[in-house]
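Colleague: Got a predicted model here, sequence first, then my questions.
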Amino acid sequence: IIINLATRATGAPWSVWTDHQDFITMRDVGWIQMFCMDNQEINDINIQAFKIAEDPRVFLPMVVAYDGYILSHTMMPVSIEKQDEIDEFLPSLKHHINLSDVSVVKGIDPVTTPHIRDRGNEGTVPGYFEYRYAMQKALENSIEVIMNVHDEFSEKFGRSYGNGLYKTYLTDDAELLIFSMGSVASQARNIISKLRKDGLKVGLVSLKLFRPFPILQLRKLFKDIKLVVVFDRNIGYGFEGVLSYELKAALYGLKRSPFIKGFIVGLGGRDVTDQHIIQGVTKAIEESEKGIISHTTDFIGLQLEKLGDYDEKDYFKGGKKNG
């Protein structure tokens, strides 16, 4: 199963514009999740997706996501490969389940609910725990498969997207890395040359694979970096931006873990500008130099006047205290 997701903000209030909230909320369903930066990549990753998802080491659904409206409603030149070349790249599907022959159906036990009075099963489906284990191992296996399929595609068609898990830009000598995905990563890429002219050794890591999260590869990439600035077009309600805390968890335990500062931007389709990126990088540098470790959620680009008579100390003036 391959699904394309043109990301949209989630209600309420209602919005048809882009952010990454709907994509992020899928992270615990057990699917492979990839995010694209442009329309050429959307085309190419969709081709690769079938070979990844149908690999016997994987056999999992996969979602190929990209920013709604910013990409889904924007025309870009795209190279389309010939059908016979795509057919040559994609092997014939070999079903691992054949429902037409009950004798060869693979499974641990029927995926059904046990009889409510069958106390021997204690209300659980035989093999349920094991199925979840198998899903986890398949997700772990998919990282190597994704990298291999990406390399095969690159060799055949001449287009590459980093290592298939993430794409880097000017990271070789970088001391500060910007970490993001999709449209925000594209915006950040545009400003890196200016930041370098200002004397900052800045690079970019654009995440492609969100699930499974490429922990080992990211640990190797970030192990000598001093500062990471994360821009999330989503929010993990009650905590912070999801990419920010996922990266912190992935890098936990490194001998020289980088200072990580996260910012939430562009929710509900709000424009993310060059100045927003500069503002985030500047604040992150200031806090890292002062040794300020803050667990508060930082937002860039807010227009609080849109909420009316708003007061953060008293939520709404004249209203009830916010806790």
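Modeller: Looks like it came in fine.
Colleague: Which residue ranges of this structure form strands?
Modeller: Along the chain, counting by DSSP state E, strands occupy 2-7, 32-35, 62-67, 166-169, 176-180, 202-207, 209-211, 227-232, 259-264, 298-299, 310-311, 315-316.
Colleague: Adding mean pLDDT, distance to Glu152 and mean neighbour count, write the ones you listed out as JSON lines.
Modeller: For every residue, glycine as well, the C-beta is placed using N, CA and C. Listed next are these as JSON lines, based on pLDDT from 0 to 100; distance: least, CB to CB, whole Å; neighbours: other CB atoms under 10 Å:
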{"stretch": "strand 2-7", "mean pLDDT": "96", "distance to Glu152": "17", "mean neighbour count": "17"}
{"stretch": "strand 32-35", "mean pLDDT": "98", "distance to Glu152": "16", "mean neighbour count": "25"}
{"stretch": "strand 62-67", "mean pLDDT": "97", "distance to Glu152": "17", "mean neighbour count": "24"}
{"stretch": "strand 166-169", "mean pLDDT": "98", "distance to Glu152": "17", "mean neighbour count": "18"}
{"stretch": "strand 176-180", "mean pLDDT": "98", "distance to Glu152": "27", "mean neighbour count": "26"}
{"stretch": "strand 202-207", "mean pLDDT": "98", "distance to Glu152": "21", "mean neighbour count": "23"}
{"stretch": "strand 209-211", "mean pLDDT": "98", "distance to Glu152": "16", "mean neighbour count": "23"}
{"stretch": "strand 227-232", "mean pLDDT": "98", "distance to Glu152": "31", "mean neighbour count": "25"}
{"stretch": "strand 259-264", "mean pLDDT": "96", "distance to Glu152": "34", "mean neighbour count": "22"}
{"stretch": "strand 298-299", "mean pLDDT": "94", "distance to Glu152": "41", "mean neighbour count": "16"}
{"stretch": "strand 310-311", "mean pLDDT": "71", "distance to Glu152": "53", "mean neighbour count": "13"}
{"stretch": "strand 315-316", "mean pLDDT": "50", "distance to Glu152": "55", "mean neighbour count": "13"}
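Colleague: what's the spacing between Phe59 and Lys94?
Modeller: 10 Å (CB to CB, to the nearest Å).
Colleague: which one of these two has more residues nearby?
Modeller: Phe59 (16 against 7; other CB atoms under 10 Å).
Colleague: My guess is the more buried one contacts Lys137. True?
Modeller: No - counting by CB atoms under 8 Å, Phe59 stays clear of Lys137, with 11.1 Å between them.
Colleague: domain assignment for this structure?
Modeller: Structural domains annotated on the chain: 2-93+140-157, 166-306, as defined by automatic domain parsing.
Colleague: ok, now which ones touch Ser206?
Modeller: Met37, Gly162, Tyr166, Lys167, Thr168, Tyr169, Ser180, Met181, Ala185, Ser186, Arg189 (CB atoms under 8 Å, 6 or more residues apart in numbering).
Colleague: Which residue is the nearest non-sequential neighbour of the most centrally placed residue in the chain?
Modeller: Centre of the chain computed as the mean C-alpha position; nearest residue by CA atoms, centre = their mean is Phe210, 3.4 Å away. Excluding the flanking residues, the one nearest Phe210 by CB to CB, 6 or more residues apart in numbering is Gln33, at 4.4 Å.
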